[in-house]
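>>> Next comes the sequence, and after it the predicted model I'd like to discuss.
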Amino acid sequence: MSRADVLRLQEVKRSNYRILGLIGRGQFGRVYCAMHRQTGKLVALKALDLTGSPTSQFLRELKFLVTLEHPNIVACEAIEHWQGKRCLVMEYCEGGTLRQLMENHHRLHPALSVKLVCDVLAGLEHASLQGIVHCDIKPENILLSVDASGWSAKISDFGISRLSHDLTREPANLTGSPAYMAPERFYGQYSHSTDLYAVGVLLYELLVGHRPFSGAPPDLMVAHLNQAVNIPAHIPTRLQTVILTALQKLKARRYQSATQMLEALQGAIQDRSQPQFAPHNFATAIAAPKFTLQTLRQEALLDRVDQLSVIEVLPECDRDLCESSLIFYSQDQAISARSYAKGFFDRRAGKIRRNDAIAEPIQDLIVRSSGCFAVTERSIYRLSDTTAQRVAQFNHPSRIAIDPSGKWMAVATLNQSQAKFFSIWTLPQAQLACRPALCEPRSGEFIAIAALHTRHIALVSRKLVSRELGSTRFDFFNRHGKAFGTFSIPLQIERVFPTRNAHFLIAIETGFERSLVLLHLKPYRVIRVGILITPKFVTAYPWGIVVCDDHHLIALDYNGQQIGQAELPAGICAIAAHGETGLAIATWNAGQSTLYTLNLEVIRSASL
Ligand SMILES: Nc1ncnc2c1ncn2[C@@H]1O[C@H](COP(=O)(O)OP(=O)(O)OP(=O)(O)O)[C@@H](O)[C@H]1O
């Protein structure tokens, strides 16, 4: 970020909003994701850069946006002033643009495509009732909000919109995007029907995978004016009719209103005589390129491994634990339900050093420079190679996260009535650093606690909506236990995985088996990815994310693009990232426990 950007951010920071990050730049200036300091509500701040576009255009967008109130049009909530600058405060769309979604998934599921186009048509109908023509409908100007079934589309960027009764011709500088422009737009004419033509191009692009016409602007003009539209035969005929009607060269032959086109589109997909789309979740999983991974080591273990961590940093006071050892625990049912074998696999010596000091189930193994910690339901222990020292014990079931530097831990304790108390403790002595605070929501299910970096913590809970589990709530605290923000997403998250990237969490949703949710926190962005496997194990590297089921691996980048897939040894029961490209995998097959170390370099190189 340049110094000018930092200065700009500092200016905005003095307003009512805390800036979470820059989302994009448009012709007016920068757009930021921000959180209201008092309410914690997320918004998009669109700041007017006075040296850029004329103020009149910014005011035009403001005028149109405040006129329009519809679930499929991005809402303008306020206008902020600071230091003589104007800033539009807009509803925040955490799914990014439709263009980004299309690029992430190569091809959206046709049912989702049709649903999003129906959303756009509903928004356009509302705009047309107010006499407003958008004039620049394209995937870049459709923003996405996450909803329980997938996405809902919201029309944005009314910067070049026009009033339908304003009969002046379009000035030369108010152009749209030639790939989506109706023939008459090239002569400066616009009407509601020019927006519907653009929706026709969008529908074509979503269903076919490319736009009906391509080329440089002069070629596009010729094509829009003269060239016939070819639709591949696999598109159901009633949908072909909708596209062809929207893309008529003469506007009198097109749909006369967004509602008319919406009804035609809904009729086409509800028509049982037409080929039906399979039910969709929110993205069609694509098959990523296949790779064969190199096995660096393969070792037999005695016990089934239930969890694995790699000691990459040498714990400060445990010189006898080897760097790059593996730490694991196993729940050995054969001995007794209350016996838990744990151990360190000393990779230098190539042998296991057992540590059976903790006689209760271990929920988590955390390795930091200040020690290796084992978390049980009500305690946390610091492990050496053969002993375990209890660091803290709680009266009620607790979840614990330790900051990456290992200097403090955040604890969420659930009492008998399931109320959740949040506290911070210093490490390694485990001294209480702040008084336990009661957390919201008081009802609902607690999912996870994650230390985001050395300063912040996220608490994740599922909210109850009239007795049913509804959305997932994220509460953020600083390391002094002070709450500083909260937001909810209308998804039922059941597991959350922190990563080495402080502002990035990976989540798994209830009800969508073959999928992942990627949560960028700064700026906030939700990416839902369909994948070919049901993720059971998740780990992350600086270059990407790895998810596995019992014997497959899929690697994705942080934007949800699938980089590669590989077959793994069958019977996986635990995985752990190891360095830049190492992956430790424990398997359990026919009573045999094996530990593999694989090299993902070939996949990482493909991501570059
Ligand atoms: N309300 C919003 N919620 C989330 N992201 C937004 C929002 N508004 C804009 N953005 C993001 O900011 C980027 C810039 O938006 P903006 O509307 O200023 O410009 P644009 O549409 O890309 O370009 P132009 O205005 O020059 O046509 C968008 O591409 C989008 O990714």
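Now that the structure is in, tell me what you want to look at.

>>> buried sites along stretch 562-578?
For stretch 562-578, burial by neighbour count (16 or more other C-beta atoms under 10 Å) applies to 562-566, 568-569, 571-578. Glycine gets a C-beta too; all of them are placed from N, C-alpha and C.

>>> ignore the last one, stretch 199-216
Neighbour counts using 16+ other C-beta under 10 Å place Val199, Gly200, Val201, Leu202, Leu203, Tyr204, Glu205, Leu206, Leu207, Val208, Pro212, Phe213 of stretch 199-216 among the buried residues.

>>> One more: stretch 226-237?
Neighbour-count burial for stretch 226-237 [16+ other C-beta under 10 Å]: Val229, Ile231, Ile235, Pro236.

>>> and the second one, what is it in contact with?
Spelled out, that is Ile231. Listed by C-beta atoms under 8 Å, 6 or more residues apart in numbering, the contact set of Ile231 reads Tyr204, Val208, Gln240, Ile243, Leu244.

>>> The ligand versus that one, what's the distance?
Ile231 sits at a distance of 28 Å from the ligand (criterion: C-beta to the nearest ligand atom, to the nearest Å).

>>> Tell me if I am right that that residue is in a strand.
No: read with DSSP: H, G, I helix; E, B strand; the rest coil, Ile231 is coil and lies in no strand.

>>> Could you tell me the per-residue confidence at it?
At Ile231, the model reports a pLDDT of 94.

>>> ranges for the strands of the stretch 1-150 of the chain?
17-25, 30-36, 42-47, 76-82, 85-91, 132-133, 142-147, 150-155 (DSSP state E, counting those that start in this stretch).

>>> The ligand is nearest to which of the ones you listed?
With C-beta to the nearest ligand atom as the measure, strand 17-25 is the member of those nearest the ligand (2.5 Å).

>>> hmm, that closest one in reach of the ligand?
Yes: Strand 17-25 is in contact with the ligand by C-beta under 6 Å from any ligand atom, via Ile23, Gly24, Arg25.

>>> Next, count neighbours for the residue of the chain found nearest the ligand.
Nearest to the ligand in the chain, going by C-beta to the nearest ligand atom, is Gly26, at a distance of 2.1 Å. Other residues lying near Gly26 total 17 when counted by other C-beta atoms under 10 Å.

>>> Hmm, Ser156 and it touching each other?
No: look at Gly26 against Ser156 with C-beta atoms under 8 Å: they stay out of range, at 9.7 Å.

>>> Quick check: Gln240 vs Gln307, distance?
Look at Gln240 and Gln307: by C-beta to C-beta, to the nearest Å, they are 54 Å apart.

>>> neighbour count winner among the two?
Between Gln240 and Gln307, counting by other C-beta under 10 Å, Gln307 is the more crowded of the two (20 against 17).

>>> Pull up the per-residue confidence for the more buried one.
For Gln307, the model assigns a pLDDT of 78.

>>> Can you report phi and psi for it?
When read as degrees, to the nearest 10, the backbone of Gln307 gives phi -150, psi 150.

>>> Quick one: name the residues of this structure near the ligand.
Within the chain, the positions near the ligand by C-beta under 6 Å from any ligand atom are 23-28, 31, 44, 46, 74, 90-93, 96-97, 140-141, 143, 156-157, 159.

>>> Next up, identify which helix or strand the closest residue in space to Pro490 that isn't next to it in sequence is on.
The spatially closest residue to Pro490, leaving aside those adjacent along the chain, is Ser471, at 4.6 Å (C-beta to C-beta, 6 or more residues apart in numbering). In this assignment (DSSP states H and E), Ser471 forms part of strand 468-478.

>>> rewinding a little: of all the buried residues of stretch 562-578, which comes closest to Ser405?
Ala577 (18.8 Å; C-beta to C-beta).

>>> For that closest one, give me its contacts.
Contacts of Ala577 (C-beta under 8 Å, 6+ apart): Val310, Thr539, Ala540, Tyr541, Val546, Leu583, Ala584.

>>> Likewise for Ser405?
By C-beta under 8 Å, 6+ apart, the residues touching Ser405 are Arg368, Ser369, Ser370, Thr454.

>>> same thing but at 7 Å, please
Counting by C-beta atoms under 7 Å, 6 or more residues apart in numbering, Ser405 makes contact with Thr454.

>>> The closest residue to Leu116 other than its chain neighbours bridge partners, please.
Leaving aside its chain neighbours, Leu116 sits nearest to Ala153 (4.4 Å; criterion: C-beta to C-beta, 6+ apart). Going by DSSP bridges, Ala153 is paired in beta bridges with Leu144.

>>> how deep is Ala153 tucked in, by neighbour count?
Neighbour tally, Ala153, other C-beta under 10 Å: 28.

>>> State the distance from it to Asp119.
The gap separating Ala153 from Asp119 is 4 Å, by C-beta to C-beta.

>>> same thing with Val133?
Distance, Val133 to Asp119, by C-beta to C-beta: 18 Å.

>>> CA atoms only: put stretch 25-40 into PDB for me.
Provided in PDB are the C-alpha atoms of stretch 25-40 (Å, rounded to 0.1, in the frame of the first residue of the first chain):
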ATOM      1  CA  ARG A  25     -11.200   1.300  -7.200                       C
ATOM      2  CA  GLY A  26     -13.800   2.700  -9.500                       C
ATOM      3  CA  GLN A  27     -13.900   5.900 -11.600                       C
ATOM      4  CA  PHE A  28     -14.900   8.000  -8.500                       C
ATOM      5  CA  GLY A  29     -12.200   6.800  -6.200                       C
ATOM      6  CA  ARG A  30     -11.700   4.000  -3.800                       C
ATOM      7  CA  VAL A  31     -14.200   1.600  -2.200                       C
ATOM      8  CA  TYR A  32     -13.500   0.400   1.300                       C
ATOM      9  CA  CYS A  33     -15.000  -2.300   3.500                       C
ATOM     10  CA  ALA A  34     -15.700  -0.700   6.900                       C
ATOM     11  CA  MET A  35     -17.300  -1.500  10.200                       C
ATOM     12  CA  HIS A  36     -19.400   1.100  12.200                       C
ATOM     13  CA  ARG A  37     -17.500   1.800  15.400                       C
ATOM     14  CA  GLN A  38     -20.600   1.700  17.600                       C
ATOM     15  CA  THR A  39     -22.900  -0.900  15.900                       C
ATOM     16  CA  GLY A  40     -20.300  -3.100  14.300                       C
END
